[in-house]
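K.L.:
Sequence below, structure please.
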Amino acid sequence: PEPFAREIDGLRRAMGESIERVPPHITIVPPVNVREEQVDEVFALHRRAAANLAPITVTLGPATTFHPVNPVVYLDVTGSDVASIRELRTEVSVSVLDRKVDHEFVPHATIVESTTPDRIDAALVALAGTGYLRGASNLRPPLALVPPPNAPNPPRSPATPAARCAAARPTHRRSRRRPR
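P.N.:
Next up, the predicted model:
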């Protein structure tokens, strides 16, 4: 939800990730191909699971990686309601979504995927020790998805996490030197 989606998209854009393909989200089920005739079943499964779920409050951050297993930079998902996310995953990992699991489930919000080790290191440095949410001034990173009540809106620093991430993105520019 906003404003969190906008903040995450800013980080994704700064890292050179496409924001058009997939909206910001907390990964519950890894990418799974289902047949067209099974799509309604998958949606119904998710709707049933979500209908029984109380609102979840989690914390996003710090930035971390699955590297060297998978070249992904993501925001870790923590907090007292992470158990609810794990329960939701269990509820929807049935029927057509029941798959052999190669890795332990890690709730996360992807920032950039399929990147290089150098970019992973640069992103982790750029995102280290940053707070991402306006209005959560009394929080230190990681950021809370629900800002504390009556939190003042601090001015935004020009050195935003997105600006620091931009330094980690390759520029692909070649210098044009004039012959001497």
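K.L.:
Figure out the helix or strand that the closest residue to residue 110 other than its chain neighbours lives in.
P.N.:
In space, and not counting its chain neighbours, residue 110 is closest to residue 74: 4.9 Å by C-beta to C-beta, 6 or more residues apart in numbering. For the C-beta atoms, the positions are set from N, CA and C on the backbone; glycine is no exception. Using DSSP states H and E, residue 74 maps to strand 73-78.
K.L.:
sorry, back to before: could you check how far the residue nearest to residue 110 is from residue 11?
P.N.:
Distance of residue 74 to residue 11, computed by C-beta to C-beta, to the nearest Å: 10 Å.
K.L.:
Name the residues contacting each of these two.
P.N.:
Common contacts of residue 74 and residue 11 (C-beta atoms under 8 Å, 6 or more residues apart in numbering): residue 111.
K.L.:
okay, these two: which has more neighbours?
P.N.:
residue 11 (28 against 22; other C-beta atoms under 10 Å).
K.L.:
How about that one, nearest residue that isn't a chain neighbour?
P.N.:
residue 111 (5.2 Å).
K.L.:
Report the inter-axis angle for the helix or strand encompassing the one you found versus strand 73-78.
P.N.:
Per DSSP H and E: residue 111 is located in strand 108-112. Taking axes from the mean of the first three to the mean of the last three C-alpha atoms, to 10 degrees, one finds that strand 108-112 is oriented at 170 degrees with respect to strand 73-78.
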